[in-house]
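Engineer: have a look at this prediction, sequence included:
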Protein chains: 2
Amino acid sequence: MSTPSNAPKHLSGDQFRELAHRAADWIADYWENVEKRPVLSGVKPGEIASQLPTRAPRSSDAHEWDAIFADLDRIVMPGLTHWQHPNFYAFFSANASGPAVIADFICAGLGVQGMLWATSPACTEVEQRMMDWLGAAIGLPDRFLFQSGGTGGGVIAGTASESTLIAMLAARARTHMGNLVAYASSQAHSSVVKAAMIAGIAKGPGDHSAVRMISVGKDFRMRPDALEAAIRDDLASGKTPFYVCATVGTTGVTAVDPIADIAQVLRGAAPSAWLHVDAAHSGAACICEEHRWMLRGVEHVDSLCFNPHKWLLTNFDCGCLWVARRDDVTRALSISPEYLRNAATESGAVVDYRDWHIPLGRRFRALKLWFVMRHYGLDGLEAYIREHIRLAQLVESWINADARFVLAAPRTVNLVCFRLREGGDAATKALMDRINSGGRAYLTHTTTPAVDGEPAHLVIRMAISGTLTQERHVRETWSLIAGSV
Amino acid sequence: MSTPSNAPKHLSGDQFRELAHRAADWIADYWENVEKRPVLSGVKPGEIASQLPTRAPRSSDAHEWDAIFADLDRIVMPGLTHWQHPNFYAFFSANASGPAVIADFICAGLGVQGMLWATSPACTEVEQRMMDWLGAAIGLPDRFLFQSGGTGGGVIAGTASESTLIAMLAARARTHMGNLVAYASSQAHSSVVKAAMIAGIAKGPGDHSAVRMISVGKDFRMRPDALEAAIRDDLASGKTPFYVCATVGTTGVTAVDPIADIAQVLRGAAPSAWLHVDAAHSGAACICEEHRWMLRGVEHVDSLCFNPHKWLLTNFDCGCLWVARRDDVTRALSISPEYLRNAATESGAVVDYRDWHIPLGRRFRALKLWFVMRHYGLDGLEAYIREHIRLAQLVESWINADARFVLAAPRTVNLVCFRLREGGDAATKALMDRINSGGRAYLTHTTTPAVDGEPAHLVIRMAISGTLTQERHVRETWSLIAGSV
């Protein structure tokens, strides 16, 4: 950017070009070499901060970008856990990809704000269209799409935590009752409880009178009969069941709650309750027709979220939320101060996304989805998902072929959960810790709940969803695991 | 990124380099030429969406990046309102800058997640250090800094809306009373009411029994006597005053609520209430010592937020929140599911930022602050702020010298509010609409409240805070305004 008189030195156009090219090359080098790095950082608490001055520099480093890049390599890089490492199998992935990173870069350069349609119409309209593209691509019914002419539509929120909260707020705004109770399986993401805490419905993480954790059956899926019993109990004591979160792909083991059965329970026991589907991770797999069984019954739900930033090649943050009725959300979140009034809004002909979520300001995140879907095409995205699932099936077959290991939960899509047959939790945990401390791969654990006489177990999770993860990485990692018992 | 067997075509390293260089050049060209574009988009509702296919492409465009860039220019650009245009004086700015955009690009490429210290220690520790750098730079007392060894610290949230909500949730978690009431001036940002709605404290935007809008005095500053009267009223009727938001630089006219006087009222009338300062826009000016009077009394507050993404050259999103006691926040927002348990967290030696806000996942946003503060230095940031204020003083002097115009509010820093002396609101609004429809500049309006016998007025706001805005732009815009009456 050029420099105003008396003002500080902005980068000139040529300086920006040079430094941004350098950053592009730095990123390309990083991706090409990331697998040579230890996945997990080995730094001690305080080790990174202690290398930075305690106060900001008084004078400009504008002529010292070599120093800035050098410090990035010297100070920051040893303190990173590398989420783009092909042997990162922890938690769920956070997919970067070339097309998404380029789109995010352009988004930053444009620096537009999409809080209102009027503040940058393309920011809103490309997002509406991308949410239709993606919603249709995972098989959502027309009622969730803008172009159906119906009542629904989608929005890009930051994360599934935010989507879950928005859905809960919309659910609350739709009822006029007090004494609200939410329901989710015991395996649901912690964001359900957190949303209830934020909304003032739960008093704390342990307030199980406000958020009922429904028990799961043999495959760790929510038991509809247990849900029904809990709802009838609560109704009998004068409470209002207002929100049910069904999880499609739990964080622990990617269990799939039966949406259709849950919807049927609600029709009978609590017809006005809101049914939200949290498909944060596994929703991506519904790009492939053979995995859409996970969404059976979705035509009965009020909202669904899934995050392309986990397993669909679209950099964080890109959390997608669809609702069956837009008015439900805007009723909960709309406010109209004078300084935001404008003719387009008042005409009712446009969507103002600030009324769909918590922040007012918002970036042009739909560019990422546009570039990703165009670059890969739906065929490419399907191939991407199917390759990871093929690799997960491979790991599953190796586990089944090795008597020292037990498959600890059904493999739904790309997550394989296993434990050692002998030695209990301590042995399994010690195995995981050995792998992680070696730096060649990173795995995390969960605890499966006791079900039907089977006790709780600590299990190792191997989530195969990295942009760079290839068969050779999975083979090498399994050799490491099998050789470390 | 290289291509796994059987998987879709990722960009190769060389393809990524080439396309990212192209994007860098595209951004540089955009900034160099943005002032030739109309600031405001003239498209009609639906015009952008109608140019995009209704469904995602089935096949890859991987070999057609020319088409992707062409569609960016052809479809998206005409639908943008250009927030980086030097004659964008609407709302408040959303500053992009070369150093910040490069940092954001690298952040996207790294694709790490900082929800826990353990998930990328540098992501957390650089953020802690940057919050200390920036906090010290705007003159915050040591109690808000990590390195003081005290109880406070800062976090990067998405927006001031989120910061205001976090502060309110922390305030609620600190009290054990019911019947909560929040207070803010009638000129406070709409996010205070929205936070109360989200938290379940207010039933809707008009619920003034839960959020009291305190009247303002002649300079549109909150009246401490009116605050005290409202609090005493509420106490007398059994309510619990729990949260006060003081605004430093209101959205309408950048009025500054008197923090010290408000704190004194609270000490006498509601000593356990939380005092939050929303300095979202004007906090940036506190980089300069001569503007720190706006924060007089800040040593008594519980939290403060300001957004470097508005007027401090750090791309959206970068909303900064400091709290005096970290425990207040984590008490409100902490949850600890099994799959996030780790040794570093349990040692208590580290900060886990997921307990400081609503999302779980979080980007490495501190990189932006690091690059910006190093590139410009505090001297450069001060010069940047002072130049905008000098330009605002120029506009103020032109208004005072032209009998057709009235300065509609005291100019605090860089926002000049004015109206026409004759013709009432309609004439002023018509003048603004003429300027905006011409495409050479973009201004927005607010309505100043009736105070001390002076009636309410519609006034034009001219916020001078664009990265690219120079004296010639301001002169040209004023000529346009003065010539359009």
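Structural biologist: The structure has been received and is ready for your questions.

Engineer: what about the residue in the stretch 301-450 of chain A that chain B sits nearest to, helix or strand, and which?
Structural biologist: Nearest residue of the stretch 301-450 of chain A to chain B (CB to the nearest CB) works out as residue A:380 at 3.3 Å. To be clear about C-beta, it is placed using only N, CA and C from the backbone, and glycine gets the same treatment. When secondary structure is defined by DSSP states H and E, residue A:380 falls within helix A:366-400.

Engineer: buried residues in that helix?
Structural biologist: Residues of helix A:366-400 classed as buried: A:366-378, A:380-392, A:394-396, A:398-399 (neighbour count, 16 or more other CB atoms under 10 Å in any protein chain shown).

Engineer: what's the distance between it and the middle of its chain?
Structural biologist: Between the mean C-alpha location of helix A:366-400 and the chain-wide mean there is a distance of 16 Å, by CA atoms, centre = their mean, to the nearest Å.

Engineer: check stretch A:239-248 too.
Structural biologist: Using CA atoms, centre = their mean, we find the averaged C-alpha position of stretch A:239-248 to lie 20 Å away from the chain's own average C-alpha position.

Engineer: what about that stretch and chain B, any contact?
Structural biologist: No: figure legend: stretch A:239-248 not in contact with chain B (CB under 8 Å from any CB of the partner chain); closest approach 12.1 Å.

Engineer: same question, stretch A:100-108
Structural biologist: Yes: legend: contact between stretch A:100-108 and chain B by CB under 8 Å from any CB is shown at A:100, A:101, A:102, A:104, A:105, A:106, A:108.

Engineer: ok, the third one touching residue B:20?
Structural biologist: The reference is to residue A:102. Yes: using CB atoms under 8 Å, residue A:102 is in contact with residue B:20, at 5.6 Å.

Engineer: with neighbour numbers in mind, choose between those two.
Structural biologist: Counting neighbours by other CB atoms under 10 Å in any protein chain shown for residue A:102 and for residue B:20 shows that residue A:102 has the greater number, 30 against 24.

Engineer: can you pull the contacts of that one?
Structural biologist: The neighbours of residue A:102, taking CB atoms under 8 Å, 6 or more residues apart in numbering or on different chains as the test, are A:371, B:16, B:19, B:20, B:23.

Engineer: check residue A:220 too.
Structural biologist: Counting by CB under 8 Å, 6+ apart, residue A:220 touches A:187, A:250, A:252, A:253, A:255, A:409, A:448, A:449, A:451.

Engineer: how far away is it from residue A:443?
Structural biologist: With the distance defined as CB to CB, to the nearest Å, residue A:220 ends up 19 Å from residue A:443.

Engineer: and residue A:365, by the same measure?
Structural biologist: Between residue A:365 and residue A:443 the distance, using CB to CB, works out to 30 Å.

Engineer: try residue A:177
Structural biologist: Shown here: residue A:177 relative to residue A:443, a distance of 45 Å by CB to CB.

Engineer: please say which of those two ends up with more neighbours.
Structural biologist: Residue environment comparison for residue A:177 versus residue A:443 gives the larger neighbour count to residue A:443, 22 against 12, counting by other CB under 10 Å.

Engineer: on the three-state scheme, residue A:26 is what?
Structural biologist: The local conformation at residue A:26, judged by DSSP: H, G, I helix; E, B strand; the rest coil, is helix.

Engineer: how much space separates it from chain B?
Structural biologist: Relative to chain B, residue A:26 is positioned 7 Å away (criterion: CB to the nearest CB, to the nearest Å).

Engineer: briefly note if the helix or strand bottoming out on mean pLDDT in chain A comes near chain B.
Structural biologist: For chain A, scoring each helix and strand by mean pLDDT, DSSP states H and E identifies helix A:343-347 as the least confident one, at a mean of 75. Yes: with CB under 8 Å from any CB as the measure, helix A:343-347 is seen reaching chain B through A:344, A:347.

Engineer: now do the buried residues in that helix.
Structural biologist: Neighbour-count burial for helix A:343-347 flags A:344, A:345 (criterion: 16+ other CB under 10 Å).

Engineer: kindly report the same for stretch A:38-49.
Structural biologist: Buried residues in stretch A:38-49, counting neighbours by 16+ other CB under 10 Å, are found at A:38, A:39, A:40, A:41, A:43, A:45, A:47, A:48, A:49.

Engineer: same question for stretch A:276-292.
Structural biologist: Neighbour counts over stretch A:276-292 (16+ other CB under 10 Å) mark A:276-288, A:291 as buried.

Engineer: rebuild those as a markdown table, extending it with distance to chain B.
Structural biologist: Supplementary listing: these in a markdown table, determined by distance: CB to the nearest CB, whole Å:
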| residue | distance to chain B |
| --- | --- |
| A:276 | 16 |
| A:277 | 18 |
| A:278 | 12 |
| A:279 | 16 |
| A:280 | 10 |
| A:281 | 12 |
| A:282 | 15 |
| A:283 | 15 |
| A:284 | 13 |
| A:285 | 15 |
| A:286 | 13 |
| A:287 | 10 |
| A:288 | 13 |
| A:291 | 17 |
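
Engineer: so of those residues, which ones are in strands?
Structural biologist: Restricting the buried residues of stretch A:276-292 to those inside strands, with DSSP state E as the criterion, leaves A:276, A:277, A:278.

Engineer: the last one touches residue A:185, doesn't it?
Structural biologist: No: using CB under 8 Å, residue A:278 makes no contact with residue A:185, being 10.1 Å away.

Engineer: which neighbours do the two share?
Structural biologist: Contacts common to residue A:278 and residue A:185, judged by CB under 8 Å, 6+ apart, are A:246, A:247.
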